[in-house]
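Visitor: What follows is a predicted protein model with its sequence.
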Amino acid sequence: MTGVAPEVLSIAGSDPSGGAGIQADLKTFSALGAYGMTIITALTAQSTRGVTAIHPVPVSFVREQFDTLLEDIQPKAAKIGMLGSAELTRVVSEYASKVPNLILDPVMVATSGDRLLEESAIVAVRDLCTRVDLITPNRYETAVLLDTNPARCLDELIDQALELFEHGVSRVLAKGGHMETADGRATDVFVDDLGDVTLLSSPRVNTRNTHGTGCTLSSAIAALSPRAGDWLTTIRKAKAYLGEALAAADALEIGHGSGPVDHFVRWRSTADSTVAKGLQQGPLKPGELRVDERVEISWPR
Ligand SMILES: Nc1ncnc2c1ncn2[C@@H]1O[C@H](COP(=O)(O)OP(=O)(O)OP(=O)(O)O)[C@@H](O)[C@H]1O
Ligand SMILES: Cc1ncc(CO)c(N)n1
């Protein structure tokens, strides 16, 4: 049965501050018109300032969540975020073949610098990378997956993304959010299933409020993948959405650390003329709110 909103699943950890993890994923799914569902792998005690504790969900209960959900609902796409441990990574791997359009964000460290994946889980994460349709590692995660040093420039990031592809990963989006480039842009490297490389570059938003950008991007790709067409188009649309959410992040004023992006920027800028006006008049030029292109969905529906 196909309804008005594709069923999209987030397999991830909880962030009580609402900017990353399953909370960010559900907001992103909703903002982009998908029907969001979750399988929770871990609870974190976390704020915009950092992570103070992690409480993993028992492996048997993660299995129970999968079995119960999949008996009833077939997701049209899913994203995998925080896994925490090797055992949880292996359990999620068992279910990888049951979900189409599967995206793995190999979360290792939070924006605050706190570890979210045990060192001993890396081998299992490498194996999971070869069982999904797309992986979205940042510069640091790309290096850990390859057991090498983080790329110092775009050329090195391209080489590393291609190396992951050669190791049997279907598609790679190596994110350059953490890399300083001379042109001051945020550039990601996409390697498609034929090994062809496309650079996706967007204006760098000058903000410290980047908590959950990685979660938001992988969720946006999942939310759009059942409808947007090919992977490159889907990723472009997801980056466009994230660019707008990032550009509006400062206006949210949430927390005292690295705050979240504004997942509902599109709703706000159409529904609330005061915010729309603020966005136009803020430090950003209006044209910079658009990254590559807009997603062709109207909101509110
Ligand atoms: N300041 C910025 N301006 C514009 N785009 C950005 C900025 N920072 C990150 N991005 C983009 O956001 C996406 C996420 O990239 P990033 O490298 O920050 O991922 P991440 O480290 O996994 O995120 P997180 O901080 O949530 O763990 C990428 O597409 C990247 O290019
Ligand atoms: C639960 C969770 N998942 C992922 C991230 C990465 O941003 C985070 N900070 N928290």
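Guide: Nice, I can see it. Ligands and ions are numbered 1, 2, ... in the order given.
Visitor: Neighbours of Val91, how many?
Guide: For Val91, the neighbour count with other Cβ atoms under 10 Å is 19. C-beta coordinates here come from the backbone N, C-alpha and C atoms, glycine included.
Visitor: That one falls within a helix, correct?
Guide: Yes. When classified by DSSP: H, G, I helix; E, B strand; the rest coil, Val91 is found to be part of a helix.
Visitor: I'd say Ala31 and Arg268 touch.
Guide: No. Applying Cβ atoms under 8 Å as the test, Ala31 and Arg268 come out as separate, 10.2 Å apart.
Visitor: In terms of neighbours, single out the busier of those two.
Guide: Ranked by neighbour count (other Cβ under 10 Å), Ala31 and Arg268 place Ala31 first, with 24 against 20.
Visitor: Find the nearest non-adjacent residue to that one, please.
Guide: Of all residues not flanking Ala31 in the chain, His263 sits nearest, at 5.1 Å (Cβ to Cβ, 6 or more residues apart in numbering).
Visitor: Neighbours of that neighbour, how many?
Guide: 31.
Visitor: ok so it is a helix residue?
Guide: No. The assignment for His263, made by three-state DSSP, is coil rather than a helix.
Visitor: what's the spacing between it and ligand 1?
Guide: Distance of His263 to ligand 1, given as Cβ to the nearest ligand atom, to the nearest Å: 13 Å.
Visitor: Which residue is the nearest non-sequential neighbour of Val205?
Guide: Take Val205 and drop its neighbours on the chain: the residue closest to it by Cβ to Cβ, 6+ apart is Leu246, 4.5 Å away.
Visitor: can you check His167 too?
Guide: Using Cβ to Cβ, 6+ apart, the nearest residue to His167 is Thr130, at 7.3 Å.
Visitor: got the residues of the stretch 51-200 of the chain near ligand 2?
Guide: Within reach of ligand 2 by Cβ under 6 Å from any ligand atom, the stretch 51-200 of the chain has these residues: Gly81, Met82, Val107, Ala110, Thr111, Leu116.
Visitor: Could you pull up the residues touching Ile54?
Guide: Gly13, Ala42, Leu43, Thr44, Ala45, Gly84, Leu116 (Cβ atoms under 8 Å, 6 or more residues apart in numbering).
Visitor: In three-state terms, label it for me.
Guide: strand.
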